[in-house]
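> compute the structure for the input listed below.
(2 chains)
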There are 2 protein chains.
Amino acid sequence: MTDDQRFGLSRHVSLPGPLRLDGGVLLSPVDIAYETYGDPASPAILICHALTGDQHVASEHPVTGKPGWWERMVGPGKPIDPARYFIVCANVLGSCMGSSGPATVNPMTACPYAMAFPVITIRDMVRAQAMLLDHLGIDRVTVVGGSMGGMQALSWAATSPERVTKAVIIASTARHTAQNIAFHEVGRQAIMADPKWAGGDYYGKGEPPAAGLAVARMAAHITYLSEAGLTEKFGRRLQAREAKSFGFDADFQVESYLRHQGLSFTDRFDANSYLYITRAMDYFDLAEEHGGLLANAFKGTATRFALVSFDTDWLYPTAESRIIVHALNAAGAAVSFVELTSPFGHDAFLLDSPELNRVVDGFLRAA
Amino acid sequence: MTDDQRFGLSRHVSLPGPLRLDGGVLLSPVDIAYETYGDPASPAILICHALTGDQHVASEHPVTGKPGWWERMVGPGKPIDPARYFIVCANVLGSCMGSSGPATVNPMTACPYAMAFPVITIRDMVRAQAMLLDHLGIDRVTVVGGSMGGMQALSWAATSPERVTKAVIIASTARHTAQNIAFHEVGRQAIMADPKWAGGDYYGKGEPPAAGLAVARMAAHITYLSEAGLTEKFGRRLQAREAKSFGFDADFQVESYLRHQGLSFTDRFDANSYLYITRAMDYFDLAEEHGGLLANAFKGTATRFALVSFDTDWLYPTAESRIIVHALNAAGAAVSFVELTSPFGHDAFLLDSPELNRVVDGFLRAA
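Sure, this is the predicted structure:
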């Protein structure tokens, strides 16, 4: 194994397409930024990232310098080990780390698409990934994802059952609820309310709408954490000050933490991409795509499924995973499901969780 | 009973004070806008309003033209009946409906205070209400409130136990949790990120920061509703359109509803008041004011307490009411507590709830 195989190889491909999107638009070319780890001759695992994730699953982020977002799961000695698998992780369509998205130059106008980029769906993201796997010569694949990554794994299994050996769906859902949509709408309105958003036409023209994007991130971030987790981590503890300031600075640690989450996010993420990807998530309703019955999405499937939820996840609570498990049962699919205990809410899938690692490892190793 | 007594009498008083605030500032004068219903000779009930409420508890709102915010509870034939009680409801300190707040003219500068208004606490609101009751010649009083109104009722009972005959605390809490603070901080950051906020100095100078305030309201509004209630009311139903627009207009009914909630709020509420009142709520921690032990707040009290929570309220869940009940038990206080069932989350206390009305009516009538 070369160092590139061990530590990740960052690549970019511009595929001619065209890709027919759910909204009816033909996208061409389709740029995909991705990373691979391991030997292309090994069994392939496609890792699908979440809303604000990217292809740097187990390599340093080029902007923040931070470790890959899932190094706890992916890497030498980890459940998804480049010594055993050929690991692919691609930046989703609509995102901002090199795959086609609103910041991409529109070949028809030679300007960035901005809001002229077509609205995409989770299934469109999956179609783009399928084009990438075709390009890489990968036929059969195991798909693994948490949160929005789990939506993609579900969509993969529903769209190309013949290609998907196994699917691991962690802390995810088969459809966005009204409350999920509501939180995303707050974020979108926060971005669009920022005058610097300028109808999305801010590329190369001025500062991006960082203030609006930071507020969007703050609101979303609360949904990633549990009330108990927030209480354990921050409670009502004050900042370094010993007493309340009787002002509007961040008095409480939780305020300071949230502000930091909001501001640091704007260094690495594009506001328009946030609009497009949240929209794709809100549109996601796998049952609706299959005549209103989720089981229809998996009829006759030979894919083996593993689902994991976390008991304090109130964004995609265990009940949402159960809905998927019941549908898979109804479709006669092979499925294992476990609810794990964690104080950390939805974010738990990204954090240190030996139990999650054991579940994923065992499922991937099983024949 | 005159019509004024039956239908509410809007009044305003400017008390010289000074009022010494928790932050150490002396406020003078103290303006209080309030309404009264019923005969001043009847037993007095003080109604404390929530974050965005006002004194128009059972009379038409002067800006929106809508009925009073608690006409289901207050009025002829209702549990809080002007035929039996002298009902007082005052706009809280820091608000924007006539009581002293950031929009009030600072007598020292002849300009609106804006962010020079002192940061206030729930206890400061209660102190101003006590000044009003002194002015009205009311000694003993029953205090009733939901949400932030319940915080005031608790603070009243802790601050002036000798004056408070009974206290009714509905859908409330004795302290703001990290999650509560986090949601408020998102709202404040949304307001402050709006360039029209201009450091709070927008009165008479330009448009107010309506976009930021609308986003703050949208985020908060989600916390007032339950996930189940949102699903029941909206689910994933689309607007009048028959299919998704593949754009960023409000496709889903819940988006349209939230946008309306945000926008309509800005017609009747001042952004700076939102900052000040959310800050007061975040600072609220009744145990902290009493050596860290909530029971100390009620030691030796003769006040009779009634607490009500709603099973789907995730802003101030039943567990928060139980903490109060346990403290009252520990203090040997007379307390009744009931958790009511409702699909409507925190908002349930403002909606039609015959059970809530029965509980309040029974408690007020009991000797």
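> going forward, measure contacts between C-alpha atoms and count neighbours the same way
Will do.
> state the pLDDT value of A:Gln5.
Here, the pLDDT recorded for A:Gln5 equals 62.
> can you check A:Gly8 too?
Note on A:Gly8: pLDDT of 72.
> the nearest residue to it once chain neighbours are set aside and A:Phe86, how far apart?
Excluding the flanking residues, the one nearest A:Gly8 by Cα to Cα, 6 or more residues apart in numbering or on different chains is A:Tyr37, at 4.7 Å. Distance, A:Tyr37 to A:Phe86, by Cα to Cα, to the nearest Å: 6 Å.
> quick one: residues contacting the most centrally placed residue in chain A.
Computing the C-alpha centroid of chain A and ranking residues by Cα atoms, centre = their mean puts A:Ala50 first, at 1.1 Å. Shown in contact with A:Ala50 (Cα atoms under 8 Å, 6 or more residues apart in numbering or on different chains): A:Gly145, A:Gly146, A:Ser147, A:Met148, A:Gly149.
> please apply the same query to A:Gly235.
Counting by Cα under 8 Å, 6+ apart, A:Gly235 makes contact with A:Val254, B:Thr177, B:Ala178.
> quick one: which of those sit in strands?
Among these, none falls in strands (DSSP state E).
> list just the nearest of those residues to A:Tyr316.
Set against A:Tyr316, the nearest of those by Cα to Cα is B:Ala178 (20.7 Å).
> hmm, A:Val254 and that closest one touching each other?
Yes. Using Cα atoms under 8 Å, B:Ala178 is in contact with A:Val254, at 6.3 Å.
> what is in contact with these two at once?
Taking Cα under 8 Å, 6+ apart as the contact rule, the neighbours common to B:Ala178 and A:Val254 are A:Leu230, A:Phe234, A:Gly235, A:Arg236.
> same drill for A:Tyr37 and A:Phe86, tell me which one is more crowded.
A:Tyr37 (31 against 22; other Cα atoms under 10 Å in any protein chain shown).
> please name the bridge partners of the more buried one.
In this entry, A:Tyr37 is beta-bridged to A:Ile87, by DSSP bridges.
> check A:Leu238 too.
Beta-bridge partners, per DSSP bridges, of A:Leu238: A:Phe252.
> surely it and A:Glu255 touch.
No. Using Cα under 8 Å, A:Leu238 is not in contact with A:Glu255; the gap is 9.3 Å.
> now do stretch A:108-120: distance from first to last residue.
19 Å.
> list of residues touching that stretch?
Here stretch A:108-120 makes contact (Cα under 8 Å, 6+ apart) with A:21-23, A:25, A:93-94, A:101-106, A:199-201, A:203, A:272, A:276-277, A:279-280, B:246-247.
> where strands are concerned, which of those count?
A:Val105, A:Asn106.
> buried ones among the contacts of stretch A:108-120?
Among these, those buried by neighbour count (16 or more other Cα atoms under 10 Å in any protein chain shown) are A:21, A:93-94, A:101-104, A:106, A:200-201, A:203, A:272, A:276-277, A:279-280, B:246.
> any buried residues in the helix or strand containing A:Asp267, and which?
Assigned by DSSP states H and E, A:Asp267 belongs to helix A:253-268. For helix A:253-268, the neighbour count (16+ other Cα under 10 Å) marks A:Gln253, A:Val254, A:Glu255, A:Ser256, A:Leu258, A:Arg259, A:Gln261, A:Gly262, A:Leu263, A:Phe265, A:Thr266 as buried.
> list the contacts of stretch A:192-200.
Residues outside stretch A:192-200 that contact it (Cα under 8 Å, 6+ apart): A:114-115, A:191, A:202, A:206-209, A:211-212, A:271-272, B:193-195, B:211-212.
> sorry, that was for stretch A:213-220
A:183-184, A:186-188, A:190-191, A:258-259, A:261-263, A:265-266, A:271, B:183, B:186, B:189-190, B:219.
> right, and A:Tyr202 touches A:Pro208 too?
Yes. Using Cα under 8 Å, A:Tyr202 is in contact with A:Pro208, at 5.9 Å.
> ok, now how distant is the residue nearest to the residue nearest to the centre of chain A when sequence neighbours are not counted from chain B?
Closest residue to A:Ala50 apart from its sequence neighbours, by Cα to Cα, 6+ apart: A:Met148 at 4.5 Å. Separation of A:Met148 from chain B (Cα to the nearest Cα, to the nearest Å) stands at 18 Å.
> likewise for A:Ala128?
Look at A:Ala128 and chain B: by Cα to the nearest Cα, they are 18 Å apart.
> could you do A:His260 as well?
Computed as Cα to the nearest Cα, the A:His260 to chain B distance reads 12 Å.
> quick check: that residue vs B:Thr64, distance?
Counting by Cα to Cα - A:His260 and B:Thr64 are separated by 38 Å.
> which residue comes closest to A:Arg84 once chain neighbours are left out?
Spatial nearest neighbour of A:Arg84, excluding adjacent residues (Cα to Cα, 6+ apart): A:Ser42 at 6.4 Å.
> what does the pLDDT read for the one you found?
pLDDT, A:Ser42: 97.
> in what helix or strand does it lie?
Assessed by DSSP H and E, A:Ser42 sits outside every helix and strand.
> picking that back up, the shared contacts of B:Ala178 and A:Val254 into TSV, with extra columns for pLDDT and secondary structure?
Compiled in TSV, those are given as follows (pLDDT from 0 to 100; DSSP: H, G, I helix; E, B strand; the rest coil):
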residue	pLDDT	secondary structure
A:Leu230	93	helix
A:Phe234	93	coil
A:Gly235	93	coil
A:Arg236	92	coil
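> these, buried ones only, as a PyMOL selection?
In PyMOL, this line selects whichever of the shared contacts of B:Ala178 and A:Val254 come out buried by 16+ other Cα under 10 Å:
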select buried, chain A and resi 230+234+235+236
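> in TSV, list the shared contacts of B:Ala178 and A:Val254 along with distance to B:Pro161.
Formatted as TSV, the shared contacts of B:Ala178 and A:Val254 follow (distance: Cα to Cα, whole Å):
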residue	distance to B:Pro161
A:Leu230	34
A:Phe234	32
A:Gly235	29
A:Arg236	27
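> tell me the one of the shared contacts of B:Ala178 and A:Val254 nearest B:Asp31?
Distances from B:Asp31 to the shared contacts of B:Ala178 and A:Val254, taken by Cα to Cα, are shortest for A:Arg236, at 31.6 Å.
> can you tell me the closest non-neighbouring residue to the closest one?
In space, and not counting its chain neighbours, A:Arg236 is closest to B:Ala178: 5.9 Å by Cα to Cα, 6+ apart.
> give me the pLDDT value at that neighbour.
With respect to pLDDT, B:Ala178 scores 96.
> just give me the neighbour total for it.
The local packing of B:Ala178 (other Cα under 10 Å) involves 26 other residues.
> thinking again about what came up before, now do the helix holding A:Asp267: which elements does it pack against?
helix A:210-224, helix B:178-193 (3 or more Cα pairs under 8 Å, 6 or more residues apart in numbering or on different chains; DSSP states H and E).
> tell me the mean pLDDT for that helix?
95.
> now it, how far from the chain's geometric center?
The chain centroid and the centroid of helix A:253-268 are separated by 19 Å under Cα atoms, centre = their mean, to the nearest Å.
> try stretch A:212-228
Per Cα atoms, centre = their mean, the displacement of stretch A:212-228 from the mean C-alpha position of its chain is 15 Å.
> what mean pLDDT does that stretch get?
Mean predicted confidence for stretch A:212-228 is 96.
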